[in-house]
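> what would the 3D arrangement of this be:
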Amino acid sequence: MRGLGAARLAPLGRLRPPQQDTLAQTLLAWLQNAGNARQTARHLHVHPQTVRYRLRQLHDLFGEVLLEPDGRFDLEIALRARRLLSRAGGA
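Predicted structure coming up:
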């Protein structure tokens, strides 16, 4: 992934690949569910407390970007691109 995607998702690079995937999936689901942890948990088939734990990790990684509308928008685009590229690579 190049450009915006790589720059926006750079904080995930500090993690092992399985952790990157889990947190990226959680962040995308959270963004798509308007920041609602319960709906995100249902979407991911996990407990809401699991989502909240992951969100704390994400906040530690991304900081205030998660609170900014433009930052959330950029993250969602980057995460969607990441997902599409990973699917294309596995096909």
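> measure the residue nearest in space to the middle of the chain to Gly35 for me?
Nearest residue to the geometric centre of the chain (CA atoms, centre = their mean): Leu27, 2.7 Å. Applying CB to CB, to the nearest Å, one obtains 11 Å for the distance of Leu27 from Gly35. Any C-beta I mention is one placed from the backbone N, CA and C, and that applies to glycine too.
> how close does the residue nearest to Leu15 when sequence neighbours are not counted sit to Ala34?
Counting by CB to CB, 6 or more residues apart in numbering, Leu15 lies nearest to Leu23, which is 6.8 Å off, once chain neighbours are set aside. As judged by CB to CB, Leu23 and Ala34 stand 19 Å apart.
> looking at these two, which is more packed in?
Under the neighbour definition other CB atoms under 10 Å, Leu23 and Ala34 were set side by side, and Leu23 has more, 20 against 9.
> list of residues touching the helix or strand hosting that one?
Using DSSP states H and E, Leu23 sits in helix 17-32. With contact meaning CB atoms under 8 Å, 6 or more residues apart in numbering, helix 17-32 is reached by 9, 12-13, 15, 36-37, 40, 43-44, 51, 54-55, 57-58, 61, 72, 75-76, 79-80, 82-83.
> right, I'll leave it there.
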